[in-house]
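Engineer: Here you go, sequence then predicted model.
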Amino acid sequence: MSAKITARDVNVFYGEKHALKAVDLDIRAHEVTALIGPSGCGKSTFLRCINRMNDLIEGARVAGALTLDGDDIYDRGVDVVQLRARVGMVFQKPNPFPKSIYDNVAYGPRIHGLARDEAELDEIVMTSLEKAGLLKEVKDRLDERGTGLSGGQQQRLCIARAIAVSPEVILMDEPCSALDPIATAKVEELIDELKRNFTIVIVTHSMQQAARVSQRTAFFHLGSVVEVGDTEQIFTNPQHTLTQGYITGRFG
Amino acid sequence: MTEMVETAAIRATPDALKARLRRRYAAERRFRALGLGAVLLSLSFLGVLLVTIVSNGITAFVQTQIRLEVAFDPAVMGLGADRSADALRSADYGGLVKAAIQSRFPDVESRAELRQLTKLISVQGGGEQLQAAVLADPGLIGSTRALWLIASPDVDMVMKGHVGRDKGAEGARLNDTQLGWLETLEQTGDVALTFNTLLFTRGDSREPELAGLWGAVVGSLYSLSITLLICFPIGVASAVYLEEFAPKNRLTDLIEVNINNLAAVPSVVFGLLGLAIFLNTFGLPRSAPLVGGLVLALISLPTIIIAGRAALKAVPPSIREAALGLGASRLQVTADHVLPLAMPGVLTGTILGMAHALGETAPLLMIGMVAFIVDIPGSPLDPAAVLPVQVYLWADSPERAFVERTSAAIMVLLAFLALMNLAAILLRKKFERRW
């Protein structure tokens, strides 16, 4: 299977701190790749390298080769705005804009000029909400504030907002850590749906979640990738003792 | 180790525990009492200040008037056959006023007494009232009308009780004969206190009964408009640049420190700066609200920048991340999300900065806004006074009647400040958002 994103010898420094050490990782198209590992192991850092959100952090430096469809993400000629339109992101805490539900979803298409007229924009908003499994719940109150929804609905709104710009990859940084189990189940279902159209990379602290939603899993420890493989293999037959220790709950 | 266990055991005995709890509650009660005392003390100072100002100044909002039979005699007015507007305007209305009060007391004949009699009435003020009446209706000429005319400040002070009627009362300027005339007028109901419209329609004057605040109010409005026009865009742009775009390095640290320093520079220094730059270098007109507004803008700029940065900093970073994650440029993030969310804070800071500017006096003295100006300014380039300077000027005037007017001017100034603060609160409430 072809790799959508490849990382070769990726190193990240925050000032003096060496946060990511020589990471090699392939992320395949139309699959869910889970990044697991104890806190501070670099999985979020790696995630934020893919859409260059690390650029915003003062003193952050990325070395190595990271490609999306074979194009270097850190090439000088790459426009960050365009990159982020191709690689969407969903954050740990639901962060809808304090605007209406409609405007939340419509914001991305508007700034990228994806819709020619209002009707087309309506169409994009509706399909995105539909794909995020939120349309039924909010279709009568699109003018209400996105911040007035419940936590789980807010997170699905954020997912709808991310898919409205038709990205190729969606990065999810612990998307369920602020949600209750029922909302989590809904988001997980959604992730499973989304992988048909998008390539998904998800950081999670919950090993059950990784096991449930992902096809491949990468285990990070102290800034390095210890083991990558099919999720089933990682959870049933880990090759590395560290991985085994982590998934059986001996540390982390 | 055992020692530690023992002491811990002693500390935990019920009695020791209770004693410690008592001390804790006593300390809390003391602290509350202190805090409440501090609040009450400052409230009482504020109360004393307000009571003094209001009790001194409330009477300035009314003005004593005397009803007199005014005979519009063309001969007294010095009017010939010419009845054009110009001729009417330049007729002798003061003479009419004098004739009116003299005809009320026909027994008074000696020159000295006649002069004392006319001191009951404001010849200039009454004259202006009559002039306005005649210009509005030239048909009055030749007729006789009963009209209310402005009393002199001496009568005004007696009527308002600021000066006693006894012989040798403090500040007394009317003698017994004059007080007798006044009593006669009162007995026939020809003396009354009416709302002092002149205070809100006229500019400054040497005659207290004619001195108004309108010139200063208009001057303040012009100055503050200029200040707002300059301060708000520059202040917001600086705050946004420093907070959202500027790299964090030594240079920006230095700029930040200096902005904080500027906020603490005494305002009179800004006045001198304005004098040197705006007046001497650029040759802008002296005493003009334009220059006043520029100087006030320099003073409020640091306040607005600091408040703006604080408001921008308070916008949660998750909103920025959300927009950036969607591929918004930094300008889009700022303009579409961060700035609208920070707006209530920015506006509050701006209004508080403006309120500060409204009360500023010292720098305006430096650029010549302390001059005695009678005319209402027609543009920001005309000489003008502003409210706090008007307070300063009136407080400096020796006449008793200016004392109440000073307090009245302070009340008007405070009313404007309260309005601005109210606007700040309302704006904050209106735009407040939860996230």
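Structural biologist: Now that the structure is in, tell me what you want to look at. Residues are numbered from 1 along each chain as shown, chains lettered A, B, ... in the order given.

Engineer: where's stretch B:91-108 relative to the chain centroid, distance-wise?
Structural biologist: For stretch B:91-108, the distance from its own C-alpha centre to the chain's C-alpha centre is 38 Å (CA atoms, centre = their mean, to the nearest Å).

Engineer: What residues does residue 108 make contact with?
Structural biologist: No chain specified, so I'll use chain A. Residues in contact with residue A:108 (CB atoms under 8 Å, 6 or more residues apart in numbering or on different chains) are A:85, A:114, A:161, A:162, A:164, A:165, B:326, B:327. All C-beta atoms are positioned from the backbone trio N, CA, C, and that covers glycine.

Engineer: try again with chain B
Structural biologist: So residue B:108 contacts B:102, B:114, B:117 (CB under 8 Å, 6+ apart).

Engineer: sorry, back to before: who wins on neighbours among the contacts of residue A:108?
Structural biologist: residue A:161 (30 neighbours; other CB atoms under 10 Å in any protein chain shown).

Engineer: Could you say which helix or strand holds that residue?
Structural biologist: In the assignment (DSSP states H and E), residue A:161 maps to helix A:151-163.

Engineer: Report the contact partners of the residue nearest to residue B:399 when sequence neighbours are not counted.
Structural biologist: Spatial nearest neighbour of residue B:399, chain neighbours left out: residue B:208 (5.1 Å); criterion: CB to CB, 6 or more residues apart in numbering or on different chains. Taking CB under 8 Å, 6+ apart as the contact definition, residue B:208 lies against B:153, B:397, B:399, B:401, B:402, B:405.

Engineer: State the pLDDT value of residue B:208.
Structural biologist: pLDDT recorded at residue B:208 is 89.

Engineer: Now tabulate the contacts of residue A:108 in CSV and tack on pLDDT and distance to residue B:369.
Structural biologist: Converted to CSV, the contacts of residue A:108 look like this (pLDDT from 0 to 100; distance: CB to CB, whole Å):
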residue, pLDDT, distance to residue B:369
A:85, 91, 56
A:114, 88, 57
A:161, 95, 54
A:162, 94, 58
A:164, 94, 57
A:165, 92, 57
B:326, 91, 52
B:327, 89, 52
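
Engineer: From those residues, pick the one nearest residue A:240.
Structural biologist: residue A:162 (33.0 Å; CB to CB).

Engineer: partners of the residue lying closest to that closest one once chain neighbours are set aside in the sheet?
Structural biologist: Leaving aside its chain neighbours, residue A:162 sits nearest to residue A:88 (3.7 Å; criterion: CB to CB, 6+ apart). Assessed by DSSP bridges, residue A:88 has beta-bridge partners residue A:170.

Engineer: wait, isn't residue A:88 in contact with residue A:173?
Structural biologist: No - the pair residue A:88 / residue A:173 is not scored as a contact, 11.7 Å apart, by CB atoms under 8 Å.

Engineer: So for the two, which residue has more residues nearby?
Structural biologist: residue A:88 (27 against 22).

Engineer: show me the contacts for that one.
Structural biologist: A:51, A:162, A:163, A:165, A:167, A:169, A:170, A:171, B:325, B:326.

Engineer: tell me which of the residues you listed is nearest to residue B:280?
Structural biologist: Scanning these for proximity to residue B:280, where the rule is CB to CB, the winner is residue B:326, at 53.2 Å.

Engineer: Can you tell me how far that closest one is from chain A?
Structural biologist: In this view, residue B:326 and chain A are 4 Å apart by CB to the nearest CB, to the nearest Å.

Engineer: Quick check: nearest residue in space to that residue, chain neighbours excluded?
Structural biologist: Closest to residue B:326 by CB to CB, 6+ apart is residue A:108, at 4.4 Å.

Engineer: Check the one you found and give its pLDDT.
Structural biologist: On the pLDDT scale, residue A:108 gets 93.

Engineer: Residue B:1 now?
Structural biologist: pLDDT at residue B:1 comes out at 48.

Engineer: which bits of chain B sit near chain A?
Structural biologist: B:248, B:316, B:318-319, B:321-329, B:332, B:336-337, B:341, B:433-435 (CB under 8 Å from any CB of the partner chain).

Engineer: List the contacts of the residue nearest to residue B:359 when sequence neighbours are not counted.
Structural biologist: Sequence neighbours aside, residue B:388 is the residue nearest to residue B:359 in space, at 5.6 Å (criterion: CB to CB, 6+ apart). Listed by CB under 8 Å, 6+ apart, the contact set of residue B:388 reads B:358, B:359, B:360, B:361, B:364, B:413.

Engineer: out of those residues, what pair is the most spread apart?
Structural biologist: B:364 and B:413 (13.4 Å).

Engineer: So between these two, which is more surrounded?
Structural biologist: Shown here are residue B:364 and residue B:413; by other CB under 10 Å, residue B:364 has more neighbours (27 against 21).

Engineer: In terms of helices and strands, where is the more buried one?
Structural biologist: helix B:362-366.

Engineer: Let's test this: mean pLDDT of that helix, rounded?
Structural biologist: Here the average pLDDT along helix B:362-366 is 91.

Engineer: Convert the helix or strand immediately after that helix in the chain to CSV, retaining C-alpha atoms only.
Structural biologist: Once helix B:362-366 ends, the next helix or strand along the chain (criterion: DSSP H and E) is helix B:387-395. Below are the C-alpha coordinates for helix B:387-395, written out as CSV (Å, rounded to 0.1, in the frame of the first residue of the first chain):
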residue,chain,number,x,y,z
LEU,B,387,-14.0,71.6,30.8
PRO,B,388,-11.2,71.0,33.3
VAL,B,389,-9.5,74.2,32.2
GLN,B,390,-12.8,76.1,32.6
VAL,B,391,-12.9,74.8,36.2
TYR,B,392,-9.4,76.0,36.7
LEU,B,393,-10.2,79.4,35.3
TRP,B,394,-13.3,79.9,37.3
ALA,B,395,-11.8,78.6,40.5
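
Engineer: need the next SSE after helix B:387-395, C-terminal direction.
Structural biologist: Following helix B:387-395 in sequence, per DSSP H and E, is helix B:401-431.

Engineer: Tell me the buried residues in that next one?
Structural biologist: Residues of helix B:401-431 classed as buried: B:401-414, B:416-417, B:420, B:424, B:427, B:431 (neighbour count, 16 or more other CB atoms under 10 Å in any protein chain shown).

Engineer: go on, stretch B:218-233?
Structural biologist: So stretch B:218-233, judged by 16+ other CB under 10 Å, has buried residues B:218-224, B:226-228, B:230-232.

Engineer: Relative to chain A, which of the residues you listed is nearest.
Structural biologist: residue B:232 (23.3 Å; CB to the nearest CB).

Engineer: residues contacting the closest one?
Structural biologist: By CB under 8 Å, 6+ apart, the neighbours of residue B:232 are B:304, B:350.

Engineer: for residue B:189, same thing?
Structural biologist: Residue B:189 touches residue B:67, counting by CB under 8 Å, 6+ apart.

Engineer: which secondary structure element contains it?
Structural biologist: Counting by DSSP H and E, residue B:189 is part of no helix or strand.
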